[in-house]
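A.B. asks: okay, sequence plus prediction incoming.
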Amino acid sequence: MLNFIKRLYYFLKKCKKGKYIDNLVHNGLKLGKNVFIVDTFFFDPSHCYLISIGDNCTICPNVRLIAHDASTFNFSGYTKFGRIDIRENCFIGDSTIILPNVTIGSNSIIGAGSVVTKSIQPNTVAAGNPAKPICSTDAYLLKIKGLAEKNKKVFGEDYSIKNLDDKKRMELLAAVENGIGFIC
């Protein structure tokens, strides 16, 4: 019975998320193909027509796309607003905030917890508050590939959360005893 309730809960949550996204698209959000939006997010509903997300992007949990800034309204009577354009093949890390008038160039990675206040060039890894370029995407991926090849073991899909048992969990914990591990 408990498994049924869990499945029903996640099914309803997925339906609600789909309906919310459909409403944003209806109101002008431009959403490319194969966009993976993980869990919770906030895409400025009153200004969603200013937001576009290209093909093959991943938007991690708790990402906030805020296309307006009302901080000056009480003082000046004006609210600023601007486009947010996330180009194709981007990865936007967990809890990132992207503010108005920002373009994230194609093939870019934005690190978790970043606050993006200025545009990021294509093929760039950027992170921080405010987000700043760190290196090229190619250089970062080459570094990660080298670390993975040098590492003790790269774990396969059979080590994903849905397939874990105590033995596999212990293997994963051992793999990160002195650093980072890798899983496909």
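C.D. replies: Great, that's in hand. The model shown is predicted, which means the values in this text are computed figures rather than measured ones.
A.B. asks: all helices for this protein, in order.
C.D. replies: Secondary structure of the chain by DSSP state H: the helices cover 2-26, 73-76, 137-150, 166-175.
A.B. asks: now the weakest link among those, please, by mean pLDDT.
C.D. replies: Here these differ in mean pLDDT, and the lowest is helix 2-26 at a mean of 71.
A.B. asks: hmm, back to that, can you lay out the helices of the chain as a markdown table showing mean neighbour count and distance to residue 56?
C.D. replies: Heads up, the C-betas are built off the backbone N, CA and C, glycines and all. Converted to a markdown table, these look like this (neighbours: other C-beta atoms under 10 Å; distance: least, C-beta to C-beta, whole Å):
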| stretch | mean neighbour count | distance to residue 56 |
| --- | --- | --- |
| helix 2-26 | 11 | 17 |
| helix 73-76 | 9 | 37 |
| helix 137-150 | 12 | 13 |
| helix 166-175 | 12 | 28 |
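A.B. asks: out of these, flag the one nearest residue 82.
C.D. replies: Residue 82 lies closest, by C-beta to C-beta, to one member of the helices of the chain: helix 73-76, at 15.3 Å.
A.B. asks: format the helices of the chain as a markdown table; extra columns: distance to residue 61.
C.D. replies: Shown next, in a markdown table, are the helices of the chain (distance: least, C-beta to C-beta, whole Å):
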| stretch | distance to residue 61 |
| --- | --- |
| helix 2-26 | 12 |
| helix 73-76 | 29 |
| helix 137-150 | 21 |
| helix 166-175 | 21 |
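A.B. asks: can you say which of those helices is nearest to residue 129?
C.D. replies: Within these, the stretch nearest residue 129 is helix 137-150; the backing value is 19.3 Å (C-beta to C-beta).
A.B. asks: what packs against the closest one?
C.D. replies: strand 124-128 (3 or more C-beta pairs under 8 Å, 6 or more residues apart in numbering; DSSP states H and E).
A.B. asks: and the angle from the strand it packs on to helix 137-150?
C.D. replies: Inter-element angle recorded for strand 124-128 and helix 137-150: 80 degrees (by axes from the mean of the first three to the mean of the last three C-alpha atoms, to 10 degrees).
A.B. asks: and strand 124-128, what's buried?
C.D. replies: 124-127 (16 or more other C-beta atoms under 10 Å).
A.B. asks: what lies in contact with stretch 68-75?
C.D. replies: Contact with stretch 68-75 is made by 44, 46-47, 50, 78-82, 99-100, as judged by C-beta atoms under 8 Å, 6 or more residues apart in numbering.
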